[in-house]
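*Asks:* sharing a sequence plus its predicted fold:
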Amino acid sequence: MSDPALLVAVFWVLFLLDGVEVSRRARWSLLSLWGGRRARPAWRRWHVLSPWPGGWRAMADDLPFSLAPAGLCNWPAGAAGRPANEPAALQAWRWEDIADVREQDGQLIINGKKFCTATGHLRADELRALAAACGPLAAGARAALLRAQLSGWLRPAHLRRRTTVLRARTSALVTANVVALAGLAALSAWLLGWLSADSLGPAAAALVAQLLPEGLASLVLLHVGGLGLAWWERRRLRRLARGGGPQKNPLPAALCFPPAALRLRALLGADWFPPSHPVAVALAVARPAARDEVVFNVLADLRWPLTPAGGGPLVGEVLAWYRSELGGELEHLLRREKIDVAALFTPPVPDGAASRAYCPRCRAQFVTEGGSCPQGVPLRPLK
Ligand SMILES: [Zn+2]
């Protein structure tokens, strides 16, 4: 490969790789390829960005814990991910016993013991404050506090508004990025020799050569100008979010790494969506089929929970309260969002003449009636 060809290849490979995110655990990404209001949810360990500058992505995690007036447990009840991210060791703490919470290497550490992944739903200082607030309260007052906390993660209307604001506030950035992308494509074609006199004819090739210095200067201006505009928009977004908005500024890094500056909307949108329950994000931006799958997963996990091994009485108490509260909150929310929950749980169509039963949680079908699926969920007859 010649030097210019190598340069072009490296640039475009870096551009494509820039949007890749790989994490140690599975996460939800809701990816909008073309920049519309809708995004496609995916639960896995790697995620990509749209190569189109208008695209955006919202990341979401299952809550890595369950909470109750009695305390806090690191089992993710009501998880939307399949398979869910389960803790390495099951743990539960009474609120009054939580003396110290720290965050270290992406983990929340309670009283010196690794508790759960730090997903941002509760930062270390917030969890410490919640434990301190719950400590002296009676059970009823604790429940009210925790319900308020829970409803803060279930706000699809707020997430919808955030999507609208992000798309509106970054539309000029998308235009700048599209022009830059077209310019870079033309520059790549020139570097690869596709705009030579042989292919274009001498007159057109001479014009290209004449326009090249201006073209290069425009690209540099677009890069710096686009980042300047993004800087200004980011400040406005932060003001709109009233402190709950983007924390880490990705723009200085993008200044030194031009491939990252070609998706300014996605860059500003990276931490624009507040940590939420995946159901709220799916209700806000996913299309009906994908949204229903996320809602089904969560409700099925509440109705037919997998029992964690090795839990003490506190684990059972926390999980029972949390499942019932989350179930109640979701019932209100889904009614408000006009989701037909009963329709989600209709028995599947038999996938063969021999199918006799199905698992209501994982929807797998079986040829024998009665018994349980491998995860221990009692089977139901297929009509
Ligand atoms: Zn099953």
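*Replies:* Received it, and whenever you're ready, just let me know what you need.
*Asks:* which residues does the residue lying closest to Leu222 once chain neighbours are set aside contact?
*Replies:* What sits nearest to Leu222 in space, not counting adjacent residues and going by CB to CB, 6 or more residues apart in numbering, is Ala180, at 4.4 Å. All C-beta atoms are positioned from the backbone trio N, CA, C, and that covers glycine. The contact partners of Ala180, taken as CB atoms under 8 Å, 6 or more residues apart in numbering, are 219, 222-223, 226, 261-262.
*Asks:* ok, those residues vs the ion, which is closest?
*Replies:* Sorting the contacts of Ala180 by how near they are to the ion, with CB to the ion, puts Leu262 at the top with 44.1 Å.
*Asks:* count of neighbours near the closest one?
*Replies:* With neighbours defined by other CB atoms under 10 Å, the count for Leu262 comes to 24.
*Asks:* rewinding a little: quick check: which element contains the residue nearest to Leu222?
*Replies:* Using DSSP states H and E, the element containing Ala180 is helix 171-191.
*Asks:* SS state for the spatially closest residue to Asn85 that is not a sequence neighbour?
*Replies:* Nearest non-adjacent residue to Asn85, counting by CB to CB, 6+ apart: Arg25, 4.8 Å away. Using DSSP: H, G, I helix; E, B strand; the rest coil, the three-state assignment for Arg25 comes out as strand.
*Asks:* got a list of what the one residue sitting closest to the centre of the chain touches?
*Replies:* For the chain, the residue whose C-alpha lies nearest the mean C-alpha position (CA atoms, centre = their mean) is Met59; its distance is 1.6 Å. Counting by CB under 8 Å, 6+ apart, Met59 makes contact with 21, 27-30, 47, 270, 273.
*Asks:* pull out the buried residues from the residues you listed.
*Replies:* By neighbour count, with 16 or more other CB atoms under 10 Å, the contacts of Met59 hold 27-30, 47, 270, 273 as buried.
*Asks:* how about the helices in the stretch 251-383 of the chain?
*Replies:* Assigned by DSSP state H, counting those that start in this stretch, the helices in the stretch 251-383 of the chain fall at 251-256, 264-269, 278-285, 288-303, 313-336, 341-344.
*Asks:* show me what from the stretch 1-150 of the chain comes close to the ion.
*Replies:* With the criterion set to CB under 5 Å from the ion, the stretch 1-150 of the chain never comes near the ion.
*Asks:* show me the shaky parts of the stretch 1-150 of the chain.
*Replies:* Along the stretch 1-150 of the chain, the parts satisfying pLDDT under 70 run over 1.
*Asks:* indicate the residue of it located nearest to the ion.
*Replies:* Among all residues of the stretch 1-150 of the chain, Arg82 sits closest to the ion, at 10.4 Å; criterion: CB to the ion.
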